[in-house]
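*Asks:* Below are the sequence and a predicted model for it; my questions follow.
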Amino acid sequence: MNICFIINPWESLDPEDDSTLRLIHESVLRGHNVGVLYPHNLTIRESQTLGFVRKIKKKDKYSGNYHVFHKKVEFKEQLLPLEGFDVIFARSNPPIDPVMLNFLDSVKDDTFIINDIDGLRKANNKLYPASFHDNEIIPVTYVSKSKTVLKKAILESPKDKMILKPFDGFGGKGVIVLEKSALQNINSLLDFYISGTKEGNYVILQEFIEGAEEGDVRVLMLNGEPLGAYRRIPARDDIRSNIKAGGSARKHTLSKQEKIICSRIGPKLVSDGLFFVGLDIINDKLIEINVCSPGGITRINRFNRTRIQKTVIDFIENVILKKESAIERKKHFKRLIDEA
Ligand SMILES: Nc1ncnc2c1ncn2[C@@H]1O[C@H](COP(=O)(O)OP(=O)(O)O)[C@@H](O)[C@H]1O
Ligand SMILES: [Mg+2]
């Protein structure tokens with residue numbers, strides 16, 4: 001099978017921690033043709049989308065140690081047609097480059113893209129959870145670039161604390177707690193978050209979920225079902241539990257209510273083509289659905305002595321197998337009719 005991973009520069013992947021590296025390693029071990037591609041290396045020639053793909057050179061044996069694998073792997077860079085790949089993993093860091101999605105549009109009917117291009121368009125910012133229309137699991141959320149609207153929401157909120165965050169941030173960047181009692185700061189903060197572009201930035205204002213000090217739960221979902229989970233605890237002087245923001249990881253087993261949340265949103269994720277995503281849940285509320293390059297494989301593996309990347313690669317192998325056997329069946333039946 002031919003698999004292409006669209007990633008951030010290879011050298012920037014942390015072998016200790018990186019989920020994409022686990023997926024690449026597993027694909028290579030299974031003998032698939034694997035290439036890595038950077039979004040800026042896409043091009044179109046005569047209506048064909050091509051990429052300068054760094055194809056991983058095949059070897060008889062690869063190291064099982066991720067540091068050694070990361071350092072020693074050899075590439076051959078060539079301009080290759082993306083249509084020749086059975087699977088494309090879009091795994092570059094958010095925010096998504098909309099032009100990259102346009103390039104991929106031209107191959108989406110021939111190649112299994114995980115996650116689906118239209119799904120990525122729908123879900124690449126923090127508004128997507130609101131499309132579930134499920135007030136029991138989605139916290140009260142306002143999205144606006146109007147200072148008046150946001151200020152009114154803060155003043156009318158029955159709670160003293162609220163969360164303010166950028167529309168398309170990640171890694172906890174810019175996530176802050178607003179306290180109604182510190183009203184003098186709010187004007188200036190809203191100005192700061194909204195200004196930035198001429199048209200102004202959208203900002204998310206969200207009810208503060210009690211219990212956030214205990215951390216959030218990251219659930220990796222594969223094909224609409226939970227694949228694994230772990231808990232992230234914020235540093236003592238922070239509210240953000242992202243590891244990038246200083247949070248620490250703990251083992252976690254999904255509670256009954258968390259499993260219910262997964263089963264409530266799983267079918268829509270699949271129908272939107274969002275086959276591999278990371279949910280952030282705090283105290284039974286779904287705060288974020290990460291669709292670009294969800295991480296967590298390494299920590300879930302460490303806490304549970306698993307290698308969940310195998311299940312992900314099993315899944316894509318199955319998808320391609322089914323697709324290919326459907327094509328063969330069709331050919332067979334066409335031949336039957338032709339010869340009848
Ligand atoms: N509504 C909220 N209530 C309490 N804590 C929150 C809330 N929203 C975010 N947080 C904290 O901030 C972190 C980052 O927020 P999130 O919405 O997941 O953005 P990011 O994309 O930056 O990860 C969360 O993991 C959580 O610890
Ligand atoms: Mg998050």
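*Replies:* Ah, there it is. Here the structure is a predicted model, which is why all the values come from computation and not from measurement. Ligands and ions are numbered 1, 2, ... in the order given.
*Asks:* could you measure the residue lying closest to E214 once chain neighbours are set aside against I297, distance?
*Replies:* Nearest non-adjacent residue to E214, counting by Cβ to Cβ, 6 or more residues apart in numbering: I233, 7.1 Å away. C-beta: built from backbone N, CA, C; applies to glycine. According to Cβ to Cβ, to the nearest Å, I233 and I297 sit 19 Å apart.
*Asks:* Same check on E26?
*Replies:* For E26, the distance to I297 equals 10 Å [Cβ to Cβ].
*Asks:* How about I137?
*Replies:* Per Cβ to Cβ, I137 is found 25 Å from I297.
*Asks:* measure V107 to ligand 2 for me?
*Replies:* 29 Å (Cβ to the ion, to the nearest Å).
*Asks:* mind checking the SS state of that residue?
*Replies:* Secondary structure of V107, reduced to three states by DSSP: H, G, I helix; E, B strand; the rest coil: coil.
*Asks:* related to what we said a few turns ago, quick one, which of I233 and I297 is more surrounded?
*Replies:* The neighbour count for I233 versus I297, taken as other Cβ atoms under 10 Å, is higher for I297 (25 against 14).
*Asks:* averaged over its residues, what pLDDT does the helix ranked longest in the chain have?
*Replies:* The helix that spans the most residues within the chain, counting by DSSP state H, is helix 309-339. Mean pLDDT, helix 309-339: 97.
*Asks:* Going by neighbour count, list what's buried in the strand or helix carrying V270.
*Replies:* Element membership for V270 (DSSP states H and E) is helix 256-271. Residues of helix 256-271 classed as buried: E258, I261, C262, I265, G266, L269, V270 (neighbour count, 16 or more other Cβ atoms under 10 Å).
*Asks:* which helices and strands sit right next to the lowest-mean-pLDDT helix or strand in the chain?
*Replies:* Of all helical and strand segments in the chain, the minimum by mean pLDDT, DSSP states H and E falls on helix 183-194, at a mean of 89. Packed against helix 183-194 by the contact rule (3 or more Cβ pairs under 8 Å, 6 or more residues apart in numbering; DSSP states H and E) you find helix 147-156, strand 161-166, strand 176-179, strand 203-207.
*Asks:* Residue of the stretch 1-150 of the chain closest to ligand 2, please.
*Replies:* K126 (8.9 Å; Cβ to the ion).
*Asks:* contacting residues around that residue?
*Replies:* K126 makes contacts with V143, K165, F167, D168, I204, E288, as judged by Cβ atoms under 8 Å, 6 or more residues apart in numbering.
*Asks:* Which helix or strand contains the residue nearest to I113 when sequence neighbours are not counted?
*Replies:* Excluding its sequence neighbours, the residue lying closest to I113 (Cβ to Cβ, 6+ apart) is I88, at 4.7 Å. According to DSSP H and E, I88 maps onto strand 87-90.
*Asks:* Select, out of the helices and strands packed on helix 183-194, the one closest to R54.
*Replies:* The closest of the helices and strands packed on helix 183-194 to R54 is strand 161-166. By Cβ to Cβ, the value is 32.1 Å.
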